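> structure of the sequence below:
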Amino acid sequence: MRRSITIPKIALLCLVCLFQSCKVYDTDSRSQQEAIDSELKVKILTVDGSTYKFKKLIIEDEQLIGFASPNSKEAKLLPSKKFTDEKGHKLEKVAIDNDTIKEINVYDKKKSSRRTVFLVVGLTLGMVIVLAATVVVVAVA
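Have a look, this model is predicted:
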């Protein structure tokens with residue numbers, strides 16, 4: 001029994017990949033103030049090797065605060081308080097100990113967009129090649 005690959009299946013797979021795009025963080029470490037000023041997502045590497053991701057950072061009462069999703073590992077592992085932002089999103093305010101920070105990496109929109117486009121284009125081309133090869137094999141047989 002022969003299985004066929006159809007164009008709708010290829011399109012669906014490409015859309016799934018597009019919506020599952022990865023987040024790319026800048027490899028250069030930034031200062032706390034640069035990360036706060038960027039108002040972008042950040043990834044913090046600690047001196048013990050743990051990695052924590054936050055939606056953004058702020059300074060509140062001379063304490064570095066990261067905003068995380070309520071069910072994230074950051075909210076579960078670190079001391080946090082419930083918070084609702086101006087758009088009504090429920091977040092956790094997580095206090096971050098300055099002495100434990102080894103590196104702060106800021107989300108890179110440009111690299112993330114490029115990687116997503118390359119992924120979708122590459123996947124589409126690969127699926128088209130597989131589809132074309134399947135059609136040629138069936139035509140020859």
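
> can you confirm Met127 is in a helix?
Yes. Following the definition DSSP: H, G, I helix; E, B strand; the rest coil, Met127 is counted among the residues of a helix.

> which other helices and strands contact the helix or strand that contains Val120?
For Val120, the enclosing helix or strand under DSSP states H and E is helix 109-140. For helix 109-140, the helices and strands in contact under the criterion 3 or more CB pairs under 8 Å, 6 or more residues apart in numbering; DSSP states H and E are helix 7-19. For every residue, glycine as well, the C-beta is placed using N, CA and C.

> and after the helix it packs on, which helix or strand comes next?
Past helix 7-19, heading to the C-terminal end, the next element that is a helix or strand (DSSP H and E) is helix 32-38.

> okay, now Asn105: neighbour count?
For Asn105, the neighbour count with other CB atoms under 10 Å is 20.

> swap in Val47?
Tallying neighbours of Val47 according to other CB under 10 Å, which is how burial is gauged here, yields 11.

> about what we covered before: now do the buried residues in the helix holding Val120.
For helix 109-140, the neighbour count (16 or more other CB atoms under 10 Å) marks 112, 116, 119-120, 123, 127, 131 as buried.

> now those in JSON lines, with distance to His89 and pLDDT?
JSON lines is the format used below for the buried residues of helix 109-140 (distance: CB to CB, whole Å; pLDDT from 0 to 100):
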{"residue": "Ser112", "distance to His89": "21", "pLDDT": "62"}
{"residue": "Thr116", "distance to His89": "23", "pLDDT": "70"}
{"residue": "Leu119", "distance to His89": "28", "pLDDT": "72"}
{"residue": "Val120", "distance to His89": "28", "pLDDT": "72"}
{"residue": "Leu123", "distance to His89": "31", "pLDDT": "73"}
{"residue": "Met127", "distance to His89": "36", "pLDDT": "73"}
{"residue": "Leu131", "distance to His89": "42", "pLDDT": "72"}
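
> that concludes my questions; thank you for your assistance.
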